[in-house]
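> Any chance you can model this:
(2 chains)
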Amino acid sequence: MMAPSRSARGEPGAVATPALPASSGSTATVEVDDLVKVYPGGNRAVDGISFRVDRGEFLGFLGPNGAGKTTTIRILATLLRPTSGRARVAGLDVVASAAEVRRRIGFATQTVTIDQMATGRENLALIGRLHGMSGRDLRTRVDQLLELMTLTDVAGKLAGTYSGGMRRRLDLASALVHQPEVLFLDEPTEGLDPQSRLALWDELLRINRAGTTMVLTTHYMEEADRLCERLAIIDHGTIVVEGTPTALKRSIGADTVSLRLLPIGGAGPGDEVIDLRTVRAEITRRLEGLDTVSAVEETDEGIRLSVRNADEIAPELLRQIDIDGIRVYGLSMVTPSLDDVFLHHTGHRIRAEEADQVISMGW
Amino acid sequence: MTTFAAETWYLGLRAWRRFYRVPANPISIVLYPLIQLFVFSQLFKDIVQLPGFGDGGGGDGSYLAYLAPGQITFTVFFAVSWSGSNLLYDYRNGMLDKLRATPVGRYAILAGELVPLFLECMIMGGAILVLSLLLGARIATGVPGAIGVLLLSGAFGVAWAGTSFVPALLTKNEQATGTLSILFFPIAFMSTAFVPVALMPDWLRVVNDWNPITFVIEAMRALMTVGFDWGAIGRALVAIAALGLALHSITLWAFRRLTA
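Numbering: from 1, shown residues only, chains lettered A, B, ... in the order given. You can find the predicted model right below:
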């Protein structure tokens, strides 16, 4: 049931900081050059973004809410005009040739958008008609999509009666009626339960394998990891770093070591009272000089360190902090996640959540 | 142009379905005009006794025939008042974005909202005509004239829709849309909806002479009680066109601003 993850394909991939665009004559399906969007009121939502997407690629934008992902993708979907910069989709300028671009793209918005007072079939048929489809071609295509999204049984019912997962599938289907070259997806699994999320991931990978170029925005690491061939990590309106998920994780070269400085469940009778702040400060002071430690972060229970190779470093670390008054209650080592990559490049996390794949050794 | 027509048709179909699939809607557009007409005609029926009312009655001196055209325009106000909210609903829930991401022309989206409005106005006009006939009025021009009345009603509704679209697109707020479109209601009273010109004070006469609603009412009234008065019909069409042009040029501007 698990969809094959992109990183499992072992792409070597290059890690690139955003490069200056090549001269025109490139055959990329999506080309963005120094895109800027300033909203009235001064909000600089997109602050100079440049990137490429090749035909058939699956590119993801990973970043926290407010990073500029939705704004960027809306510009590419011709719904928003950039303040400056250029964007081309399928070889056409999104501003000058907006109508032509629309014929070649599909767009699934962040919140599911369906006509509740129309049946599933009517929903799809309308979009098809607006793309100039008609007659048997339209009917066949609509039936095909309903089949693909397992909505055939409810096709004649009002979309307002559909469950959340069904609505999302209908919404996705409506973006595919006209077989677009490029599909833009804004947080496609937002609000879905885990099962629906997995099913949708399968679907998106299938669509991509059939030849559609995909551009997706997300703040879910697992989604970015699993679906995207290439990622652009975005924060405060700029691309911080680009590359394949594997390469990005390897490039920061840092494992994470978490030290627990408080006993689990709080101090018990007979334990010394621990002033966490002082202990942290002392440890930080001692470790900051080490060149194997690249970042130090405070946690609720102690301290988290970005290190080059946790296996080798751990004993040295413990030696460094083996002083009176500091007791380490536990140690965990974590291989890097995309959240760690994000932290490394931006200084903060996508969300305040633990990274996955923790190897915990407590004593 | 034909693409625009096709797009408007399909979007209109969608909007129409959205309307009639809520049972309250078709019920209300048939019942409301009936209630309104019945109440007003019975309430004010002796007004035709006033000297100065003249031959304003429907040949048989009944207020009913006199009142019906004004009532039709009143019901148009109600149909129109929620058209702006429908537009806002689509704007808010992302449907407007979804439609704009297709090759559909921007203005077809607006035009699509006007299609069910046209039908609603015709239906309400039809309900009033039917009730009038049942209560004893006669239509001087028969079926063709009745159809003419319905078409005028629909056209007037399409033009008048601007009074709801403009507040909606400018304020992006359903409450404000409703409140602001109500501001236009007094204009209906400053017309010959209820009384002939002869019974109006001077200042009101001036307003009335320039009130597009009066032109529409007089054309309908002629069709119902007199005959095919092409002068009156022509004036009504010009009034509707002028009204529509004035209001919808603002609508288009506001819509462009919203979807830039």
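> quick one: contacts of the least confident helix or strand in chain B by mean pLDDT?
Least confident helix or strand, chain B: helix B:174-182 with a mean of 81, by mean pLDDT, DSSP states H and E. Residues outside helix B:174-182 that contact it (Cβ atoms under 8 Å, 6 or more residues apart in numbering or on different chains) are B:Phe77, B:Val80, B:Ser81, B:Gly84, B:Ser85, B:Leu88, B:Thr163, B:Ser164, B:Pro167, B:Ala168, B:Thr171. The way it works is simple: take the backbone N, C-alpha and C, and place the C-beta from them, glycine included.
> so what's the closest residue to chain A within the stretch 51-200 of chain B closest to, chain neighbours aside?
Chain A sits closest to B:Gly94 of the stretch 51-200 of chain B, with a gap of 3.7 Å, by Cβ to the nearest Cβ. With sequence-adjacent residues excluded and distances taken as Cβ to Cβ, 6 or more residues apart in numbering or on different chains, B:Gly94 is closest to A:Thr113, at 3.7 Å.
> Now for that neighbour, how many residues are close by?
The burial count assigned to A:Thr113 is 23, neighbours taken as other Cβ atoms under 10 Å in any protein chain shown.
> OK, contacts around it?
A:Asp171, B:Asn93, B:Gly94, B:Met95, B:Asp97, B:Lys98.
> Just name the closest of those to A:Ser134, please.
Distance to A:Ser134 across the contacts of A:Thr113 (Cβ to Cβ) is lowest for B:Lys98, with 19.8 Å.
> ok, now which ones touch A:Ala295?
So A:Ala295 contacts A:Ala254, A:Leu305, A:Ser306, A:Leu343, A:His344 (Cβ under 8 Å, 6+ apart).
> Once you drop chain neighbours, what's closest to the last one?
Taking Cβ to Cβ, 6+ apart, and ignoring the residues beside it in sequence, A:His344 has A:Ile252 as its nearest neighbour in space, at 4.4 Å.
> how about low-confidence regions in the stretch 201-350 of chain A?
By pLDDT under 70, the low-scoring segments of the stretch 201-350 of chain A are A:253-254, A:265-274, A:309, A:324-325.
> Residue in it with the shortest distance to chain B?
A:Val215 (13.5 Å).
> who does that residue bridge with?
A:Leu59, A:Phe184 (DSSP bridges).
> Near it, how many other residues are there?
27.
> Tell me if I'm right that it and A:Phe184 touch.
Yes: contact criterion Cβ atoms under 8 Å: A:Val215 and A:Phe184 qualify, at 5.1 Å.
> who touches both of the two?
Common neighbours of A:Val215 and A:Phe184 (Cβ under 8 Å, 6+ apart) are A:Ile73, A:Leu76.
> Please enumerate the helices of the stretch 151-260 of chain B.
All helices of the stretch 151-260 of chain B, identified by DSSP state H, counting those that start in this stretch, fall at B:162-171, B:174-182, B:185-189, B:202-210, B:212-225, B:230-258.
> Does the fifth one pack against any helices or strands, and if so which?
So that's helix B:212-225. Judged by 3 or more Cβ pairs under 8 Å, 6 or more residues apart in numbering or on different chains; DSSP states H and E, the packing partners of helix B:212-225 are helix B:63-81, helix B:142-160, helix B:230-258.
> Isn't A:Val341 up against A:Val240?
No: between A:Val341 and A:Val240 there is no contact under Cβ under 8 Å: 9.2 Å.
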